[in-house]
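Structure, please.
(one chain, ligands or ions: 1)
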Amino acid sequence: MSMGFDKETFKKSVIYNVKNVFRKTIDEATPEQAFQAVAYAVKDVIIDEWIATHKEYEKQDAKTLYYLSMEFLMGRALGNNIINIMALPEVKEVLDELGFDLNAIEDQEPDPALGNGGLGRLAACFLDSLATLGYPAYGCGIRYRYGMFKQKIENGYQMEVPDDWLKNGYPFEVRRAEYATEVKFGGYVRTVWENGREHFVQEGYQSVRAVPYDMPIVGYGNNVVNTLRIWDAEAINTFSLDSFDKGDYQKAVEQENLAKTIVEVLYPNDNHYAGKELRLKQQYFFISASVQRAVKKYMEKHEDIHKFFEKTVFQLNDTHPTVAVPELMRILLDEFNLTWDEAWAVTTKTCAYTNHTIMSEALEKWPIELFSRLLPRIYQIVEEINRRFVEQIQQMYPGNQDKIRKMAIIYDGQVRMANLAIVGGFSVNGVARLHTEILKKEELRDFYEMMPQKFNNKTNGITQRRFLLHGNPLLAEWVTGKIGSEWITNLPHIHRLAVYADDPKCQQEFMDIKYQNKVRLAKYIKEHNGIDVDPRSIFDVQVKRLHEYKRQLMNILHVIYLYNQLKDNPNLDMVPRTFIFGAKAAAGYKRAKLTIKLINSVADVINNDKSIDGKIKVVFIEDYKVSNAEIIFAAADVSEQISTASKEASGTGNMKFMLNGALTLGTMDGANVEIVEEVGAENAFIFGMTSDEVIGYENKGGYNPMEIFNNNYQIRRVLMQLINGYFAPQDPELFRDIYNSLLNTQSSDRADTYFILKDFPSYAEAQQKVDQAYRNETWWAKAAILNVACSGKFTSDRTIEEYVNDIWHLEKVKVEIEA
Ligand code: 26W
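So this is what the prediction gives:
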């Protein structure tokens, strides 16, 4: 139990909060009010450790990591915080005595969803691991007024509803007005000569005040509390609104609007760059504020800015925070008067870049016009970085225009952020072994050739504290009962479970727990979707963002194919299967949204067809998010990881399923490769082309899906059902675009860009193997237990230790609290 936790004090604190905040006695409190009261009481316990942690960091003058990210997909904090202060049993008792149920109270918390998917959730797992391992670190991001939209399904279509997560206030955040700072946009740069040297002053700009809100990131049982600092924008009003000076009035209104719009909403695009001016404003806003603050903090304790990098490291979570490179340069040049070479030496030893995708449509390239208008001084600096870098290329590859065309930071009227991130830092990493190899061999080949020492791999990981201990309490308790609790902070220890994989009693216990988790999910589905599912069927799950490369379409086409077989032969011998989908589509991604409609239309037909005797059910879970993900992973038998090989940089859902004892049905893509390496190919279902084969076809300009269409009757039949009104009797043309995307009857893209038809036969075969395998309960239980036992590598604790050893070089800090 946490040193700072006292049951009676906690109870009084809850009662007091209800009274003081809501003017009510505890028995009158609504569940939402009870949540607030409990959350404030928990925060009260955390605060002392939070203060103590930062005192300790200062005392030790520890090197600090700033994890710069536009997204932090935190999920709910209450349950996780209670677990990490190690007060779960006591909190449960107190709530019990007060007549509340912890689960119901946890359900009142809005899911802070300040992220899209993989990259944002990874950032959240990293913060958990950093705190648990005791490393000094800040997450730096944006306090979006509206996070990821809430998804409603109406008539099978996705509807986006604003996520007003702050409407009742968020108990865990603390506004830190004392650290507010100004961020400037636009205007022009004036050059002045002073003391025999050029100085640059930005004039005629608009500005906003960046105000940080801090959230505690509680380490597991170690008294360490780190900080997620998210920036809000407020108007700076040095102008008076009743001024008779028209210019002033205009400016005041503009600055008011700028502040309001800048942090208004998270862009819901995942893996797709849209080039919106407001997005660049968001990027510079939070980066300028974070970098300014990091420099100030350093200077409070140190004299020599030349040694900044010894105490500070910036990790850029993809290219979105890359303006950190020129922003740090600007501060060093313009505010500290360093020479270019001095400033460059500091900057390139401070910044490091992580790449999370090879999808070319995700690459950020800003038009020069926009970039230089919004950030005139920053653009000057980028120009100079580029000029010097191009010079370097020319020295290394005299006369080689091709190298310049590929590697220049500014080219073709655009500022290329990935190139800037690679040149401006000391490290470039991919997020799974295969992904890093593809970066080195294909996407970033020229950079790798020029600066191989920068490149390294950091295979992603996930926190077992949230995705097993909190999300799957039954399995967590079972694991601890068998091997003790060390796995909570040392996941490889979970391998000790392997000896139980063959034990019939353990197999039975394991399958019972899986069954209970399936009952829990079935209940959730009934409550939220109104669909009855049978917990004895195989739960076959694909939950992730909706994207063509992730191939949800292949999954649902296979469901249709199976359904056809059942219609042909109602006595078909198959294990009942529940196909579960969960996915948000970017609001502007038409084909992705149509795929959601297709899944729901297929579900409608199949779920209402009495003739197949419930052997197939299809469920689309509305509003897939961190809180229901925890329930879903715990209940899964089969984990669908079926991206076109080479396209999924890593995947992290795959690891969460494995940790919860689901078997992977997947391609040799991203971290699947390493998952299979750990658990053995015999305990997974692998199918499809390899990344080399995919890349081979791509270099030849694709393949001809018509051959498959013509030669495979079952596939042809499924495709025809897309356009003959089988799933859309009112509008037979509804799914024409999907049909066309596979066969390319008129579009200009390559046909079946993601090789769905090409991989389909091997996918169907693997699915058949799943069916066969599930009939052998002993085999399945063993394989599932082995998946849990072999998941040790995929903890984000391991990932963080690798970042620390190879890139960040931080020291662990111990925080003692007097009882
Ligand atoms: C500019 C628009 C945009 C927005 C988000 C481009 C790219 C992104 C992200 C990089 C997309 C993303 O989340 N990538 C995922 O990152 C995970 C964590 O490393 C990986 O596990 C996933 O494979 C990868 O798709």
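
can we go C-alpha only for contacts and neighbour counts from here?
Will do.

How far off centre is the lowest-mean-pLDDT helix or strand in the chain?
Ranking every helix and strand in the chain by mean pLDDT, DSSP states H and E puts helix 246-262 at the bottom, with a mean of 85. Centroid displacement of helix 246-262 relative to its chain, using C-alpha atoms, centre = their mean, to the nearest Å, is 34 Å.

buried ones in that helix?
Asp248, Lys251, Ala252, Gln255, Glu256, Leu258, Ala259, Lys260, Thr261, Ile262 (16 or more other C-alpha atoms under 10 Å).

Downstream of that helix, the next helix or strand is which one?
helix 277-301 (DSSP states H and E).

wait, does that next one contact the ligand?
No - under the criterion of C-alpha under 6 Å from any ligand atom, helix 277-301 makes no contact with the ligand; the nearest approach is 8.8 Å.

Who are the packing partners of that helix?
Using 3 or more C-alpha pairs under 8 Å, 6 or more residues apart in numbering; DSSP states H and E, the elements in contact with helix 277-301 are strand 137-142, strand 181-185, strand 206-218, helix 246-262, helix 308-311, helix 324-330, helix 368-374.

Would you mind listing what in this structure touches the ligand?
Residues of the chain lying near the ligand by C-alpha under 6 Å from any ligand atom: 117-119, 122, 269-273, 318, 356-357, 362, 364, 431, 648-652.

now these: which count as buried?
117-119, 122, 269-273, 318, 356-357, 362, 364, 431, 648-652.

number of nearby residues for Tyr713?
11 (other C-alpha atoms under 10 Å).

Any idea which of the helices and strands packed on helix 277-301 gets closest to Thr480?
strand 206-218 (21.8 Å; C-alpha to C-alpha).

Centre of the chain to that closest one, how far?
Put simply, strand 206-218 sits 21 Å off its chain's centre (C-alpha atoms, centre = their mean).

Quick one: mean pLDDT for it?
Averaged over strand 206-218, pLDDT sits at 97.

What strands line up against that strand, and which way round?
Note on strand 206-218: by DSSP bridges, its sheet partners are strand 174-175 (antiparallel), strand 181-185 (antiparallel), strand 225-235 (antiparallel).

so where do the strands sit in the stretch 501-650 of the chain?
538-543, 577-582, 616-620, 638-641 (DSSP state E, counting those that start in this stretch).

For the first one, name the packing helices and strands.
This points to strand 538-543. Using 3+ C-alpha pairs under 8 Å, 6+ apart, strand 538-543 is in contact with strand 577-582, strand 638-641.

these two touch, right, His356 and Thr652?
No - counting by C-alpha atoms under 8 Å, His356 stays clear of Thr652, with 11.7 Å between them.

Kindly list the main-chain dihedrals of the residue lying closest to Ala789 once chain neighbours are set aside?
Nearest-residue entry for Ala789: His495, 4.3 Å, with adjacent residues in sequence omitted and distances by C-alpha to C-alpha, 6 or more residues apart in numbering. Backbone torsions for His495, taken as degrees, to the nearest 10, come to phi -60, psi -20.

doesn't Lys793 make contact with His495?
No - using C-alpha under 8 Å, His495 is not in contact with Lys793, being 10.0 Å away.

residues contacting the residue in the stretch 601-750 of the chain that the ligand sits nearest to?
Residue of the stretch 601-750 of the chain nearest the ligand, by C-alpha to the nearest ligand atom: Gly651 (3.4 Å). Applying C-alpha atoms under 8 Å, 6 or more residues apart in numbering to Gly651 gives the contacts Gly118, Asn460, Gly670, Ala671, Asn672.

same for the helix ranked longest in the chain, what does it pack against?
Criterion DSSP state H: the longest helix present in the chain is helix 31-60. Packing partners of helix 31-60 (3+ C-alpha pairs under 8 Å, 6+ apart): helix 7-22, helix 78-84, helix 102-106, strand 206-218, strand 225-235.

List the buried residues for the shortest one?
Right, helix 102-106. The neighbour-count check on helix 102-106 (16+ other C-alpha under 10 Å) flags Leu102, Ile105, Glu106 as buried.

sorry, back to before: dump the helices and strands packed on strand 538-543 to JSON lines, plus mean neighbour count and mean pLDDT.
Formatted as JSON lines, these follow (neighbours: other C-alpha atoms under 10 Å; pLDDT from 0 to 100):
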{"stretch": "strand 577-582", "mean neighbour count": "22", "mean pLDDT": "98"}
{"stretch": "strand 638-641", "mean neighbour count": "27", "mean pLDDT": "99"}
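
Which stretch among those strands approaches Glu303 most closely?
strand 638-641 (51.4 Å).

before we move on, back to that, tell me which helix or strand comes right after the longest helix of the chain.
As assigned by DSSP H and E, the chain's next helix or strand after helix 31-60 is strand 64-68.

Roughly how far does the nearest residue to Ala210 once chain neighbours are set aside sit from the ligand?
Nearest residue to Ala210 in three dimensions, chain neighbours excluded: Ala233, at 4.8 Å (C-alpha to C-alpha, 6+ apart). Distance, Ala233 to the ligand, by C-alpha to the nearest ligand atom, to the nearest Å: 21 Å.

Ala233 is in contact with Ala259, isn't it?
Yes - the pair Ala233 / Ala259 is scored as a contact, 5.1 Å apart, by C-alpha under 8 Å.

any residues in contact with both of those two?
Val208, Arg209.

show me what contacts the residue nearest to Ala789?
His495 touches Val788, Ala789, Cys790, Ser791, Gly792, counting by C-alpha under 8 Å, 6+ apart.

Could you rerun that using 7 Å?
Neighbouring residues of His495 by C-alpha atoms under 7 Å, 6 or more residues apart in numbering: Ala789, Cys790, Gly792.

Need the pLDDT of the second one.
Per-residue pLDDT puts Cys790 at 98.

Ramachandran angles for it?
phi -100, psi 10.

residues in contact with it?
His495, Glu678, Val679.

Next: the last one.
Gly792 is in contact with Leu491, Pro492, His493, Ile494, His495, counting by C-alpha under 7 Å, 6+ apart.
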